[in-house]
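K.L.:
Okay, predicted coordinates and the sequence, questions at the end:
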Amino acid sequence: MNTGPEIIGTSKSMQKIFSLMNIVSESNCTVLIEGESGVGKEIISRAIHNNSLRKDRPLVIQNCSGLNENLLDSELFGHVKGSFSGAFRDKEGLFEAANTGTFFLDEIAEMSPLLQVKLLRVLQEGTFTRVGATRPQKVDVRIIASTNKKLEELISVGKFREDLYYRLNVMKIEIPPLRKRKEDIPDLIKYFIHRIVKAHNRTEKTISDSALNMLLEYNWPGNVRELEKELERLVLMSGNHDIITEDLISTRIWEAIRITQTKRAKNEGKLQEAIIALEKEMITEALIKNMWNKTRAAKDLGISRVCLIGKIYSYKLERFRNSSELSEEMEPTEIREMIPELDLI
């Protein structure tokens, strides 16, 4: 199967998805794609369509969460002239536009109960009715739906029709979050950096081992989309340098890693590691607050200046010594943005 360059993954979970994509691409069955926001559900749907018997026919995409019920009804099924205020002419809906092709309905869980009934009729009978019309129309559409929610849970609280769920769930593809397939991150990084440097007319870049280790440690709540945007930022921030280093990585990532590792040390009962993590954090905060004035920082910490200097050397904080670009008017958060390596782990 030709998945295209955007679908990357050598992990077992992604190989399983590729196998399922092969199966569904050879049929006209309805497909339900589940996964968190940013995992690439739309990309998967495009690949299925592009490898199916309908590849030369239309692929129509609609996000069900972007419009209210009335607008989405008109957008999906069309309307007839005079059916409501502003309906000055007949309008073809997206189901008509997708006839003989594929319709990707993104965020299907956001569809209202009324529209769920109309979609169920399309799946059961292959017919729909324009808003304001009296006669149904036939349509031949292959439906791929996606959601970032668990539809079974919505069914249990009456927010999603059970009969529609079973019609959609002929073949389910569950895309794992990036944190559960971190072995795919190095290949994703190479792909995105190559694409981003071309888009921004930059020279090819690589990422340092320490920066890579940080990106592997982070849990990526925004999944592949967040990784792509972070890499675009890193490419731009690196300027003319060929290597992307860890000091350019966003502060939120440094902070998240520090918090994660501190919690891990506490949960595992490793007292020494927890003490070290806390000490690094307190020294860092004191240095930021006092603009690297060791005497004032040591006083705030309640230790001698000599002891503080030793700890700065021990924790490799000496890179912060070059503070010529800092001013005493700056807030600590601004300094963190300039020098993210201070969010130590």
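P.N.:
Received the coordinates, thanks. Numbering: from 1, shown residues only.
K.L.:
which residues does the closest residue in space to Tyr165 that isn't next to it in sequence contact?
P.N.:
Take Tyr165 and drop its neighbours on the chain: the residue closest to it by Cβ to Cβ, 6 or more residues apart in numbering is Leu151, 5.2 Å away. In short, each C-beta sits where N, CA and C put it, glycine included. Leu151 is in contact with 32, 34, 108-109, 160, 165, 168-169, counting by Cβ atoms under 8 Å, 6 or more residues apart in numbering.
K.L.:
can you tell me which of those residues are in helices?
P.N.:
165, 168 (DSSP state H).
K.L.:
Just the buried ones from the contacts of Leu151?
P.N.:
Neighbour counting with 16 or more other Cβ atoms under 10 Å marks 32, 34, 108-109, 160, 165, 168 as buried within the contacts of Leu151.
K.L.:
Which two among these are spaced furthest apart?
P.N.:
Using Cβ to Cβ, the two most remote members of the buried ones among the contacts of Leu151 are Glu34 and Phe160, lying 12.9 Å apart.
K.L.:
hang on, the earlier thing: can you add distance to Lys81 and pLDDT and give the buried ones among the contacts of Leu151 back as CSV?
P.N.:
Formatted as CSV, these follow (distance: Cβ to Cβ, whole Å; pLDDT from 0 to 100):
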residue, distance to Lys81, pLDDT
Leu32, 36, 98
Glu34, 39, 96
Ile108, 30, 96
Ala109, 33, 96
Phe160, 33, 96
Tyr165, 35, 97
Leu168, 32, 96
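K.L.:
Just give me the neighbour total for the residue lying closest to Gly82 once chain neighbours are set aside.
P.N.:
Sequence neighbours aside, Gly132 is the residue nearest to Gly82 in space, at 6.9 Å (criterion: Cβ to Cβ, 6+ apart). Gly132 has 15 neighbouring residues, counting by other Cβ atoms under 10 Å.
K.L.:
pLDDT score for Gly132?
P.N.:
Here, the pLDDT recorded for Gly132 equals 86.
K.L.:
correct me, but it touches Phe84?
P.N.:
Yes. Gly132 lies in contact with Phe84 (Cβ atoms under 8 Å); the separation is 6.9 Å.
K.L.:
Now do the end-to-end distance for stretch 101-112.
P.N.:
24 Å (Cα to Cα, to the nearest Å).
K.L.:
How far away from the center of its chain is it?
P.N.:
Chain-centre distance of stretch 101-112: 19 Å, with Cα atoms, centre = their mean, to the nearest Å.
K.L.:
Need the contact partners of it.
P.N.:
32, 41-42, 45-46, 48-49, 52, 54, 57-65, 69, 72, 94-95, 119, 141-149, 151, 154, 159-160, 168.
K.L.:
Filter the residues you listed down to the ones in strands?
P.N.:
32, 59-63, 142-147 (DSSP state E).
K.L.:
Columns distance to Gly239 on top of these, output as CSV?
P.N.:
Converted to CSV, the ones in strands among the contacts of stretch 101-112 look like this (distance: Cβ to Cβ, whole Å):
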residue, distance to Gly239
Leu32, 45
Leu59, 39
Val60, 42
Ile61, 37
Gln62, 40
Asn63, 36
Arg142, 47
Ile143, 47
Ile144, 42
Ala145, 44
Ser146, 38
Thr147, 41
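K.L.:
List buried members of those residues by neighbour count.
P.N.:
Looks like those have 32, 59-62, 142-147 buried, using 16+ other Cβ under 10 Å.
K.L.:
List the buried residues in whichever helix or strand Ile257 is part of.
P.N.:
Using DSSP states H and E, Ile257 sits in helix 251-267. The neighbour-count check on helix 251-267 (16+ other Cβ under 10 Å) flags 251, 253-254, 256-258, 261-262, 265 as buried.
K.L.:
After that helix, which helix or strand is next? Please name it.
P.N.:
helix 271-289.
K.L.:
got the end-to-end distance for stretch 203-217?
P.N.:
For stretch 203-217, the end-to-end distance is 27 Å (Cα to Cα).
K.L.:
pLDDT weak spots in this structure?
P.N.:
Across the chain, the ranges flagged by pLDDT under 70 are 1-5, 265-266, 268-270, 318-345.
K.L.:
Tell me how many other residues surround the nearest residue to Ile189 once chain neighbours are set aside.
P.N.:
Leaving aside its chain neighbours, Ile189 sits nearest to Ile207 (6.0 Å; criterion: Cβ to Cβ, 6+ apart). Using other Cβ under 10 Å, Ile207 has 24 neighbouring residues.
K.L.:
re the thing from before, from the middle of its chain, how far away would the helix holding Ile257 be?
P.N.:
For helix 251-267, the distance to the chain centre is 20 Å (Cα atoms, centre = their mean).
K.L.:
Identify each buried residue in stretch 233-248, please.
P.N.:
234-235, 238, 244, 246-248.
K.L.:
Distance to Gln272 and secondary structure added to those, as TSV?
P.N.:
Converted to TSV, those look like this (distance: Cβ to Cβ, whole Å; DSSP: H, G, I helix; E, B strand; the rest coil):
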residue	distance to Gln272	secondary structure
Leu234	33	helix
Val235	38	helix
Ser238	36	coil
Ile244	33	strand
Glu246	24	helix
Asp247	27	helix
Leu248	31	helix
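K.L.:
so which of those would you say is closest to Arg305?
P.N.:
Asp247 (26.4 Å).
K.L.:
Report the separation between the closest one and Ala211.
P.N.:
8 Å (Cβ to Cβ, to the nearest Å).
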